[in-house]
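Trainee: sequence and predicted model, in that order:
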Amino acid sequence: MTVSSFENRLNGIHWVPTAAPSKMMVDQVIAARETRKPLTELSLLGALLGCLIGFAFKGFWILETAVFQNDLDQLFSMLSLAAVVASVVLAIVNIFRQKRVPSWAGFSTINLVMVAIITLS
């Protein structure tokens, strides 16, 4: 009884089984692939920014060997510390938002990894 009603429904929508996909289905698959862009640009930007922040933090905050520190050195050391804190906060925020914005999660992860590697090296 259910088989005949299923066949009646298939006949009602004029469905014909074929091995080839329809043009509409192919267009939908191609359109879905075009909208998804690779995340390499943001990962590369995160790595470069992480290197810059790591070198600044290491140079101005950890390795303070200058005898005379002027106001500009103190400003740069505070800015480098603020950048490290911002990287950590961004990584923590993106732990919870990685489903909605996966590109920024990759950016913040590689950024924090590069800061840690350069700071600890």
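Mentor: Cool, the structure landed. Residues are numbered from 1 along each chain as shown.

Trainee: for the host helix or strand of residue 118, which positions count as buried?
Mentor: Per DSSP states H and E: residue 118 is located in helix 102-120. Buried residues in helix 102-120, counted by 16 or more other CB atoms under 10 Å: 103-115, 118-119. For the C-beta atoms, the positions are set from N, CA and C on the backbone; glycine is no exception.

Trainee: which strands or helices does that helix pack on?
Mentor: Contacts defined by 3 or more CB pairs under 8 Å, 6 or more residues apart in numbering; DSSP states H and E place helix 102-120 against helix 40-57, helix 71-97.

Trainee: tell me the angle of that helix relative to helix 71-97?
Mentor: Angle of helix 102-120 versus helix 71-97, following axes from the mean of the first three to the mean of the last three CA atoms, to 10 degrees, is 140 degrees.

Trainee: ok, residues contacting helix 102-120?
Mentor: Residues from elsewhere that reach helix 102-120 (CB atoms under 8 Å, 6 or more residues apart in numbering): 39, 42-43, 45-47, 49-51, 53-55, 57-58, 62, 84, 87-88, 90-91, 93-95, 97-98.
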